[in-house]
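Engineer: My questions concern the predicted model and sequence given below.
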Protein chains: 2
Amino acid sequence: MDSYHHILHVFMTVVIASVIYLYLEASQKLTELENALSEKNRSIEHGVREAVSTEERQNYVDTLLLEGSSVWCVGGTHTERLCHFKNLCYSPHHERFVFFHSKHSLIDGATQEGPALLDMSAVEDHNTQYFNYDDFPVAAAGQFNISVIEEHCLIMNRFKPDNLMHIFHDDLLPLYHTLRTISHFNMAAMERIRLVFMEGRDAGEFQYIYDKITNHKPLLKMDFQNSLQDNLVCFQAATVGISKQTTWYQYGFKEPQGPLPHVEINALEITQFTAFMKRRLGISDGPLSEKIIEKQTYGADSDKTSSEEQYIKQSDQQNIIVIFSRKQNRLILNEVELSLSLAEKFNMQVISVSMETHTLSEMIVVVSRAKIAVGIHGSLLILSMFLPPQSVLVELFPFAINPDNYTPYKTLANLKGMKITYKAWRNTYINNTVTHPDYPEDLGGIWHLSKEKQQEILTSSEVAPHLCCSDPEWLFRIYQDTVVDVPVIVELIKTSLEAHGAVENIDDLNEDRILPAQVEKLACLPFEESTNGKAGLWLSWQPPWNIQFFDPREIEYEVWIQEKGSEDYAAYKMKKRSHQFRDKIKPQTMYYIWVRCIFDHTKVGPMNSAVVSCQTTG
Amino acid sequence: MDSYHHILHVFMTVVIASVIYLYLEASQKLTELENALSEKNRSIEHGVREAVSTEERQNYVDTLLLEGSSVWCVGGTHTERLCHFKNLCYSPHHERFVFFHSKHSLIDGATQEGPALLDMSAVEDHNTQYFNYDDFPVAAAGQFNISVIEEHCLIMNRFKPDNLMHIFHDDLLPLYHTLRTISHFNMAAMERIRLVFMEGRDAGEFQYIYDKITNHKPLLKMDFQNSLQDNLVCFQAATVGISKQTTWYQYGFKEPQGPLPHVEINALEITQFTAFMKRRLGISDGPLSEKIIEKQTYGADSDKTSSEEQYIKQSDQQNIIVIFSRKQNRLILNEVELSLSLAEKFNMQVISVSMETHTLSEMIVVVSRAKIAVGIHGSLLILSMFLPPQSVLVELFPFAINPDNYTPYKTLANLKGMKITYKAWRNTYINNTVTHPDYPEDLGGIWHLSKEKQQEILTSSEVAPHLCCSDPEWLFRIYQDTVVDVPVIVELIKTSLEAHGAVENIDDLNEDRILPAQVEKLACLPFEESTNGKAGLWLSWQPPWNIQFFDPREIEYEVWIQEKGSEDYAAYKMKKRSHQFRDKIKPQTMYYIWVRCIFDHTKVGPMNSAVVSCQTTG
């Protein structure tokens, strides 16, 4: 029996595993508590049975026995990989995917270096979300009772399908991006794909959103669970995995939560996604329905004396203020005062939306027309992605919570081109907070902690940065109710509205991607000084051909002169387009010449792609 | 004017640029010389004009002005990236691609960190093959005279389309792989894609091969060159770039030539590709035609006394020996003797194929049926990929060339599952070589070198490792003619044929990918020794569920026991499936347990994906 040690990476994986496990356990408990009242019984639907064409099953098994499984993947590592499978099977009993190896099995781009072939959720390198398959010889297929799913399936894990923030950030946006990419932007092909969610959760109260993404009802892991031990479900054509290109936030599993290091998504992709979701949810851009307005509406129209016509005119002008309201906990204690005050100060209709009073579609309708949105930190704020340009989002934070440490919605509002002015407000008066030390511990109660620890939490004025997911001080503080400072919030909004003129134009979305092209007609003429016989190079070039369509404030050129065979080169910056170089130029020497154009000091064009060489005389 | 220095990487790029430039220049000259006699005039075809639907052009321009260009890419770096474009344009006058930025322009996954957005050829990070586009505001589109290409195009560079080795290794196999991937293995979709070759070479003598890949005639860069200065060609839907996943060899630009570090391609992918090529070239697997046999055939059937029937029987048995023959240079001086001897010793038909006597299709027909292939190092040997399993390839090398340093065909023959026995033979007798110091320098002449350098080359007995592409000693030696040692070659083949029984079975192609699954029913029970009250953990598990279908010689398990919160863990290896652990186990402590299965010491299965934890008492 040997005892030995492995490298740090393996160990870290192990540590993170336990943290993540705790998080998922904790967050599931939390959800159960939060939804305790509103939860309904849901009948589990057995989509598999519908999807299988029983009469063709035997034909399929014959084909499977001949072909086995195949896989071809795109992406260099497990965190960026998507794999496409032919004949990928799944054992509900063992809860494992099965790859049948035959002599026709293609395995292409599926080299596994990391802990998994790929991540099944959009949350990076999250080891409860790893995908791997088990290996079987194809002959073993004959031992199973096989069902077939014929449509092209996209198989992935929802990360936390009971929380709107996670639904949009980790599931819907990544799904849209993935579906679009694998169907080459062909909307019809995209809508024919069937989604398969394997994280093991039930459909959940947001099932109807997931149902709308494509034309097929998604399958859940539990849809396969009515199977016997030797049953296998085989996907004739499956893509496994999901894109991470649209995500912008990490939840604090390895370091305190915050924006991801490389955020690629911008307003255009958000807009394309929100338009897609609105279309799939059947939300038109017409006027607000009476039904929505009747709910929780304050201000000019709430007394119902104004005519319908006047209302429509107002909503067309997007003169709506939306309040993201929570009804169970983390309350704005003076929400009515806030609403009335906002309605009065800005002469707009204030609509307070909440999970308890509006459907998701209704909330989207309202947010899409809002000029101003206000809400206490929480998952509803993810709907800010539906805010129109030139709007204002004010996020409210309870006492002792530093807004800089919790920025999923700030990051969203500040994505390139969003043109949403984001402001955070933080309660700094302890008298304006109501704490709940007696709550269940998952909702911030601290009764179960030692007296010392309780005292420490109660006297702290700011929650220190922490990892996910069950820091008691964080939970205690985030579940406080707050009396918000209405005049300060009004002032924040006013300043933001006034500053809107200075916001960048939507046409500039890709502006920093627009660079000068290569220089034109780069030429080199060697010369010899008539006075002293010294060698020189006379370089000249023309501006990039795209310069005429831009209006740079300053145009510069950078010149590199490299002696053939030397590892060194001289670099120069200049504004003119021709120059005689004498410094360090040797006679009878071959030089390579590289020139590039720079707009406004920061927009650096490419070097000439064709080598220009020049041989001095003398 | 500032002078300053940049990082090493940038500089290396510059250095490699000049090396590569020299190579392409040299190899182009070489080709011109080699093909001087056989070259024909070719009419340049203007595919663009056919492809453009003129009546729809105005509609297209209107759409372009509205939408601009969009790009979405897959792959993390420029060397592994493929990009898909909507409305990618090309200026023939400026020889540059154009991206029209509009407020609808999507730029997704196209973050450029390296020197280029992507490589246009399958040769990695080759800076004459870089793809970039120039930026324009969409309003500028109105200034151009725009032609449209409506089909989905795959735009790339052929690397060296006049050399069979390069054609297959750098173009055809990568093209097949790329087309297959972007069309999700849908053959009909794949064949509808139009290829566009932008390296700037003319169609070349192998045009008919490229023409067969899809149902459209490929477009060449020169097809766009009849355009005026303000003409633009716009591709409505284009994929740019080409997969490198099938390549196995690098040509010595940065280090001496040799196999690539990570070769992924295997016999199955080669077989799928060769089947595809044969189908597209109209090559059936029936008997050899009389026409092919009549050419350069030696041995039993060459005297034409045997009946046609007998011949077919023989060819069905693949009793053919193929000689890859060169007619212009690098000759086997005793090729007839070699042929007759092989025919006699192995009682097989010997067919000598060459570029001068056979079409490519004819050569493929012959090679596909050959049991034995012999040839001097050169591009024809790439056709070895068409050799059937259980065949033998003998590559002959002229005097002073070390076979270990030039292994593109050895690597090919040894790809996993190819089951071709590869042998190199090297001429070690200076009397059996005929040198050509008087040849043009690109064909190995050394007359232009100093006397000392000439002497050095003439007296060296082995060419030292060198970079590509114009090492005079290498060229001098590789262009020697050789009298080959027939008895030694016969013996090499004999031994290889005899050893065939030991070659791995084709079914084992993916054998080292077949690993144990996770262990089943992993359980942990804490206990306390009744004698001394010491804590312990009783672990047990069941074998992986796929074990019943495999036949490992040895099954071991590896156990990790990690204390919660500790960075350390203890690891154990054992053959049994349950064990009581006492060593270092503390009371009242939480432990995490990980177990994995190992077949035959090398096939390591995954750890349990679900955390198993265990709290000791005491």
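Structural biologist: Structure received. The shown structure was predicted, so the numbers you read here are calculated from the model rather than taken from an experiment. Residues are numbered from 1 along each chain as shown, chains lettered A, B, ... in the order given.
Engineer: what's the span of stretch A:439-456, first residue to last?
Structural biologist: End-to-end span of stretch A:439-456 (Cα to Cα, to the nearest Å): 18 Å.
Engineer: Name the residues of that stretch that are buried.
Structural biologist: A:439, A:441-446, A:449, A:454 (16 or more other Cβ atoms under 10 Å in any protein chain shown). In this view, the C-beta of every residue, glycine as well, is placed from N, C-alpha and C.
Engineer: Please apply the same query to stretch A:219-235.
Structural biologist: Buried, per 16+ other Cβ under 10 Å, within stretch A:219-235: A:219-224, A:227, A:231-235.
Engineer: nearest to residue B:198, of the residues you listed?
Structural biologist: The nearest member of those to residue B:198, counting by Cβ to Cβ, is residue A:235 at 38.2 Å.
Engineer: Sheet partners, orientation included, of the helix or strand harbouring the closest one?
Structural biologist: Element membership for residue A:235, per DSSP states H and E: strand A:231-240. Sheet pairing for strand A:231-240, assigned by DSSP bridges, gives strand A:82-91 (antiparallel), strand A:145-156 (parallel).
Engineer: quick check: mean pLDDT across the shortest one?
Structural biologist: By that I understand strand A:82-91. Here strand A:82-91 scores 95 as its mean pLDDT.
Engineer: now stretch A:600-607
Structural biologist: The average pLDDT for stretch A:600-607 rounds to 89.
Engineer: Can you name the residues in contact with that stretch?
Structural biologist: A:512, A:514-519, A:544, A:552-554, A:556, A:558, A:560, A:594-599, B:132 (Cβ atoms under 8 Å, 6 or more residues apart in numbering or on different chains).
Engineer: CA-only coordinates of that stretch in PDB, if you can.
Structural biologist: Below are the C-alpha coordinates for stretch A:600-607, written out as PDB (Å, rounded to 0.1, in the frame of the first residue of the first chain):
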ATOM      1  CA  ASP A 600      -5.300  58.900 -31.700                       C
ATOM      2  CA  HIS A 601      -2.400  57.200 -29.900                       C
ATOM      3  CA  THR A 602      -4.400  54.100 -29.000                       C
ATOM      4  CA  LYS A 603      -5.800  52.600 -32.100                       C
ATOM      5  CA  VAL A 604      -2.900  50.600 -33.500                       C
ATOM      6  CA  GLY A 605      -3.200  49.200 -37.000                       C
ATOM      7  CA  PRO A 606      -1.400  46.200 -38.200                       C
ATOM      8  CA  MET A 607       2.100  46.100 -39.700                       C
END
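Engineer: Mind listing what's buried along that stretch?
Structural biologist: Applying 16+ other Cβ under 10 Å to stretch A:600-607 flags A:603, A:605-607 as buried.
Engineer: What about the residues you listed, which are in strands?
Structural biologist: residue A:603 (DSSP state E).
Engineer: would you turn the buried residues of stretch A:600-607 into CSV with distance to residue A:160?
Structural biologist: CSV is the format used below for these (distance: Cβ to Cβ, whole Å):
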residue, distance to residue A:160
A:603, 41
A:605, 45
A:606, 43
A:607, 47
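Engineer: residues contacting residue A:386?
Structural biologist: Taking Cβ under 8 Å, 6+ apart, one finds A:274, A:364, A:367-368 in contact with residue A:386.
Engineer: swap that for residue A:258, please
Structural biologist: The contact partners of residue A:258, taken as Cβ under 8 Å, 6+ apart, are A:249-250, A:252, A:405, A:407.
Engineer: Which of these scores worst on pLDDT?
Structural biologist: Lowest pLDDT among these: residue A:252, with 93.
Engineer: can I assume it sits in a strand?
Structural biologist: No: according to DSSP: H, G, I helix; E, B strand; the rest coil, residue A:252 belongs to no strand; its state is coil.
Engineer: Of the strands paired with strand A:231-240, which stretch is the most buried?
Structural biologist: Scoring these by mean neighbour count under mean count of other Cβ atoms under 10 Å in any protein chain shown gives strand A:82-91 as the most buried, with a mean of 24.
Engineer: Can you dump the C-alpha atoms of that one in CSV for me?
Structural biologist: Below are the C-alpha coordinates for strand A:82-91, written out as CSV (Å, rounded to 0.1, in the frame of the first residue of the first chain):
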residue,chain,number,x,y,z
LEU,A,82,-18.7,21.9,-26.9
CYS,A,83,-19.0,18.3,-28.1
HIS,A,84,-21.2,16.9,-30.8
PHE,A,85,-22.2,13.3,-30.5
LYS,A,86,-23.7,10.6,-32.7
ASN,A,87,-25.3,7.9,-30.6
LEU,A,88,-24.6,9.2,-27.1
CYS,A,89,-26.5,7.1,-24.6
TYR,A,90,-27.5,7.6,-21.0
SER,A,91,-28.2,5.2,-18.2
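Engineer: about what we covered before: so which of the contacts of stretch A:600-607 belong to strands?
Structural biologist: Per DSSP E, the contacts of stretch A:600-607 map to strands at A:556, A:558, A:560, A:594-599.
Engineer: returning to that earlier point: looking at the strands paired with strand A:231-240, which is nearest to residue B:617?
Structural biologist: strand A:82-91 (36.2 Å).
Engineer: pretty sure residue A:374 contacts residue A:321?
Structural biologist: Yes: using Cβ atoms under 8 Å, residue A:374 is in contact with residue A:321, at 7.0 Å.
Engineer: Need the overlap of contacts for these two.
Structural biologist: residue A:342.
Engineer: more neighbours, those two?
Structural biologist: residue A:374 (30 against 26; other Cβ atoms under 10 Å in any protein chain shown).
Engineer: Per the annotation, how does chain A divide into domains?
Structural biologist: Using automatic domain parsing, the domain parsing of chain A gives A:49-247, A:258-435+A:480-507, A:514-615.
Engineer: okay, those domains in JSON lines with distance to residue B:529 next?
Structural biologist: Listed next are those as JSON lines, based on distance: least, Cβ to Cβ, whole Å:
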{"stretch": "domain A:49-247", "distance to residue B:529": "34"}
{"stretch": "domain A:258-435+A:480-507", "distance to residue B:529": "48"}
{"stretch": "domain A:514-615", "distance to residue B:529": "70"}
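Engineer: deepest of those domains, which one?
Structural biologist: Highest mean neighbour count among the domains of chain A (mean count of other Cβ under 10 Å): domain A:49-247, a mean of 20.
Engineer: Contacts for the host helix or strand of residue A:488, please.
Structural biologist: Assessed by DSSP H and E, residue A:488 sits inside helix A:486-498. Helix A:486-498 is contacted by residues A:334, A:337-338, A:341-342, A:345-346, A:371-372, A:374, A:392, A:394, A:396, A:421, A:423, A:425 when judged by Cβ under 8 Å, 6+ apart.
Engineer: which one among the residues you listed gets closest to residue A:67?
Structural biologist: Among the contacts of helix A:486-498, and counting by Cβ to Cβ, the member closest to residue A:67 is residue A:421, at 56.9 Å.
Engineer: per-residue confidence for the residue nearest to that closest one when sequence neighbours are not counted?
Structural biologist: Closest residue in space to residue A:421, ignoring its immediate chain neighbours: residue A:496 at 4.1 Å, by Cβ to Cβ, 6 or more residues apart in numbering or on different chains. Residue A:496 carries a pLDDT value of 93.
Engineer: tell me the contacts of residue A:111?
Structural biologist: B:262, B:264.
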